[in-house]
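Undergrad: Here you go, sequence then predicted model.
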Amino acid sequence: MAAGQISSGNRLQVKKASKLQIRIQDPHQHLSPRSSSSEPAQIAMGVLTPAGITSLPVLVSTDKSGRTYEISVAFDLPLTFAIAGKHLQIADEQGLPVPFNSASNFQHQSAAPTQKSFTFTVIGRTD
């Protein structure tokens, strides 16, 4: 189609999405800025689709013990969640250290009563 043309007779199918929830526990506030002279700690996260598209999380809430993020994801599609910390030590739900540029495969099933979520804990700074 060229600019200004009208599309007609085409069907567009929109499917309901699921919400992937990511909780970053930060009980000692390592993500909080320390001073203007030190580089701030950062966490980068995203979901990669089989088509190579990356979706970034949206911060939905914060509290004294951490932050909660969400990403809209498709049902019944194999996806990869990636996380990397800058100037941070991060542990997974079992308390094991998360290597830099860690990735986990997951899939939200449309028929499942509950969906996969991720929880990480910031256990220290590396600077």
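TA: Done, it's in.

Undergrad: Could you pull out the strands in the protein for me?
TA: In the chain, the segments counted as strands under DSSP state E are 17-25, 42-48, 54-55, 58-63, 66-74, 79-86, 88-91, 102-106, 118-125.

Undergrad: buried stuff in the last one?
TA: If you call a residue buried by 16 or more other CB atoms under 10 Å, then strand 118-125 has these buried ones: 118, 120-123. From N, CA and C alone the C-beta is placed, and that goes for glycine too.

Undergrad: With distance to residue 33 and pLDDT added, can I get those residues in CSV?
TA: CSV is the format used below for these (distance: CB to CB, whole Å; pLDDT from 0 to 100):
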residue, distance to residue 33, pLDDT
118, 25, 97
120, 20, 97
121, 19, 97
122, 14, 95
123, 19, 95
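
Undergrad: ok, back up a step: using CSV, lay out the strands of the chain together with distance to residue 10.
TA: Output for the strands of the chain, formatted as CSV (distance: least, CB to CB, whole Å):
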stretch, distance to residue 10
strand 17-25, 22
strand 42-48, 28
strand 54-55, 25
strand 58-63, 30
strand 66-74, 21
strand 79-86, 28
strand 88-91, 45
strand 102-106, 33
strand 118-125, 37
